[in-house]
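Asker: this one's structure only:
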């Protein structure tokens, strides 16, 4: 079986970590470059499988376009206090988040 | 022990008042106190006083309306429970108190079943040994130096340790079947969509299934007919009617056909497990089943399909954990979980999507065809659950690739969606449990449970319990 090696550099790992919103230490980045590469090399054997004229399968529910009535389900509504109950940082009934715009 | 008995036996005992619900609950707590410091099956044990209060109310009513009324159970800690801490075995959710209930929990609760614990697992379902947990590994009651399997290792070990009568596990790539086989209990991975996933913390949404774990196939049938069915809160739950699974248990197996993929019993399979599977095949012959050899060459690609699609879906599912509305921030993920997020992110990123994700989704179609080809001619496929007996704690967790190979037999059913029942079928000479799995067509749990029950009527592997549980 074709096990083409897929070797990721530490720069590629850093870029991936940024995309995945993960903060990795230098040691973690080095380790991850090894282990992610070894798993990717393993799964690369898929390349040798003939999938010409094969459709993709993304789900196996046997269902399509499942709709529900457009009505409010009171049983699933949370009070403001309940909705905020697990947040560590809230103010005046709002979740506090980091600013995403810079002040000019 | 009362907890050695099946659900039906306990129910009869409750009705006859041989014992009370309080006594059963007391026994489970006694076993938790006695054994769980060594086994570590539970992440959260519910406050005994409030659980006993519920048991007393059931006793006071003098009626056990349902087979599950008054029966203690545990949940894998992947199910949200209103007001009860739910961690998914991750520090990210170490102090998360859900505001709503998973459908499966609501259904069981409404029937009077008594929840006593939220159990250990691999965090987010990421693993097959319950070592990738932020709450310390679960130890196998059959040999405390070994893993209980995973990812639903806590529920399986709790049943083997008689700390509960049944459990609800979750199976994305073997997570019910693997620990069931390694702890000598019975567990069912249901057809995709058979049981509502509402409130089940998602690992890989198109693979995730909610299923029963118990001591017998009969117990699993009793539980499944109560938790299965359409749920408006889960759009992927199936509209197929739910059969009365228990009504089919006593059917004869004469005329049934089981396929045995001989090519999967070669290299990499422990010889003692191979023998146990061949002996089970003989037992099925004895029960009137025609067992025929088949081959499944595509199986070699199974792990590759799984380890592309599952990380892709998990990288998307776990993107929501940012510590803002609930939980702690992303630095709390374990290394294994971070690796899966990274692999998924890579396989979904521009330039690699076609070679990895799209290719794996095409391969998934080929797996569906391979299973259909065999299952159009057979009632079930028989194969091992695990390639080896339970590993020693620490043995696999350090090596991601070896860790992955341990899932060889269990990862291909989830991409296809088909059900699979794991049943105890022997022991190694070192007294470690061995399990087999029976895989069927979509929505044929009825047939699998029938086969499992008939097998358990003529074998007693499932009745054995660990020496330490006396």
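Answerer: Alright, I've got the coordinates. All values derive from a computational prediction rather than experimental measurement.

Asker: How about the contacts made by the residue most central in space within chain A?
Answerer: In chain A, the centroid-proximal residue (Cα atoms, centre = their mean) is residue A:20; its distance is 6.5 Å. The neighbourhood of residue A:20, defined by Cβ atoms under 8 Å, 6 or more residues apart in numbering or on different chains, consists of B:315, B:319, B:338, B:341-342, B:345. Using the backbone N, CA and C atoms, a C-beta is placed for each residue, glycine as well.

Asker: Could you do residue B:469 as well?
Answerer: With Cβ under 8 Å, 6+ apart as the criterion, the residues that contact residue B:469 are B:31, B:35, B:141, B:160-162.

Asker: Closest one of these to residue A:35?
Answerer: When the contacts of residue B:469 are compared for distance to residue A:35 (Cβ to Cβ), residue B:141 wins out at 31.2 Å.

Asker: just for the stretch 351-470 of chain B, where's the confidence low?
Answerer: Counting by pLDDT under 70, the stretch 351-470 of chain B contains no low-confidence range.

Asker: Find the closest residue to chain A in the stretch 1-150 of chain B.
Answerer: In the stretch 1-150 of chain B, the residue found nearest to chain A is residue B:99; the distance is 4.7 Å by Cβ to the nearest Cβ.

Asker: near chain A too, which of the contacts of residue A:20?
Answerer: Residues of the contacts of residue A:20 in contact with chain A (Cβ under 8 Å from any Cβ of the partner chain): B:315, B:319, B:338, B:341-342, B:345.

Asker: By neighbour count, which of the residues you listed wins?
Answerer: Neighbour counts for those peak at residue B:341, which has 29 neighbours (criterion: other Cβ atoms under 10 Å in any protein chain shown).

Asker: got the phi/psi numbers for that one?
Answerer: When read as degrees, to the nearest 10, the backbone of residue B:341 gives phi -60, psi -40.

Asker: show me what contacts it?
Answerer: The contact partners of residue B:341, taken as Cβ under 8 Å, 6+ apart, are A:20, A:22, B:311, B:314-315, B:318, B:333.

Asker: Compute the number of surrounding residues for residue 45.
Answerer: In the absence of a named chain, chain A is used. Taking other Cβ under 10 Å as the neighbour definition, residue A:45 ends up with a count of 16.

Asker: switch to chain B, that's the one I care about
Answerer: If we define neighbours as other Cβ under 10 Å, then residue B:45 has 19 of them.

Asker: and it, bridged to which residues?
Answerer: Partner residues in beta bridges with residue B:45, using DSSP bridges, are residue B:117.

Asker: mind checking pLDDT for it?
Answerer: Taken from the predicted model, the pLDDT recorded for residue B:45 is 98.

Asker: Now tabulate the contacts of residue B:469 in a markdown table and tack on distance to chain A, secondary structure and neighbour count.
Answerer: Converted to a markdown table, the contacts of residue B:469 look like this (distance: Cβ to the nearest Cβ, whole Å; DSSP: H, G, I helix; E, B strand; the rest coil; neighbours: other Cβ atoms under 10 Å in any protein chain shown):
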| residue | distance to chain A | secondary structure | neighbour count |
| --- | --- | --- | --- |
| B:31 | 32 | helix | 19 |
| B:35 | 32 | helix | 24 |
| B:141 | 31 | coil | 29 |
| B:160 | 32 | helix | 28 |
| B:161 | 32 | coil | 27 |
| B:162 | 34 | coil | 24 |
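
Asker: Who does residue B:168 form a beta bridge with?
Answerer: With DSSP bridges applied, residue B:168 shows beta-bridge pairing to residue B:75, residue B:212.

Asker: got a list of what it touches?
Answerer: With contacts defined as Cβ under 8 Å, 6+ apart, the neighbours of residue B:168 are B:73-76, B:79, B:104-105, B:108, B:155, B:210-213, B:223, B:227.

Asker: returning to what we had before: between the contacts of residue B:469, which is nearest residue B:118?
Answerer: Distances from residue B:118 to the contacts of residue B:469, taken as Cβ to Cβ, are shortest for residue B:161 (15.8 Å).

Asker: Go through the contacts of residue B:341 and name the one nearest residue A:60.
Answerer: residue B:314 (17.7 Å).
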